[in-house]
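1. show me how the following folds:
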Amino acid sequence: MRFISTRTHGMIDYLMGALLIVAPYILGFADGTTAQWIPQIVGAALIGAALLTNYELGVVKMIPMPVHLFLDVAAGALLAVSPWLFGFADRVFWPHLILGLLEIGAGLTTRTTPETAAATAAGHTATVADRRH
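-> Residues are numbered from 1 along each chain as shown. Below is the predicted model:
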């Protein structure tokens, strides 16, 4: 069930990206290890992808929304399993797991078409149909 609008998802993208970048400092695991760098790299990637996505809050609009959502799910999965994959689960894992699962959830529950694109397509279809009559 996809109930999050692409506009809302864009806001989530920028907030989640910023949160992932500052989380190691706020939560006390900014120690220069993989535990710190994984969320920061994922956060920077989320912001970069948001800037390049073809939705309301994108700047360059190169990445189609379905591709963006796939990248979100993949990034969330990497973040969620990273404590065990990279061997730091004995020190910290909750932030990575929780934020990773939230990112997966956002990717799976966001609509695949921006509201403006859907409205434009619907308007264009009506216009073409009107011209036939």
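2. which ones are touching residue 71?
-> Going by C-beta atoms under 8 Å, 6 or more residues apart in numbering, residue 71 touches 49, 63, 107. Glycine gets a C-beta too; all of them are placed from N, C-alpha and C.
3. again, only using 10 Å
-> 45-46, 49, 53, 63, 103, 107 (C-beta atoms under 10 Å, 6 or more residues apart in numbering).
4. where's it, which helix or strand?
-> Per DSSP states H and E: residue 71 is located in helix 65-85.
5. one step back: what subset of the contacts of residue 71 is buried?
-> Neighbour-count burial (16 or more other C-beta atoms under 10 Å) applied to those gives 46, 49, 53, 63, 103, 107.
6. and stretch 61-79, how far from the chain's centre?
-> 6 Å (C-alpha atoms, centre = their mean, to the nearest Å).
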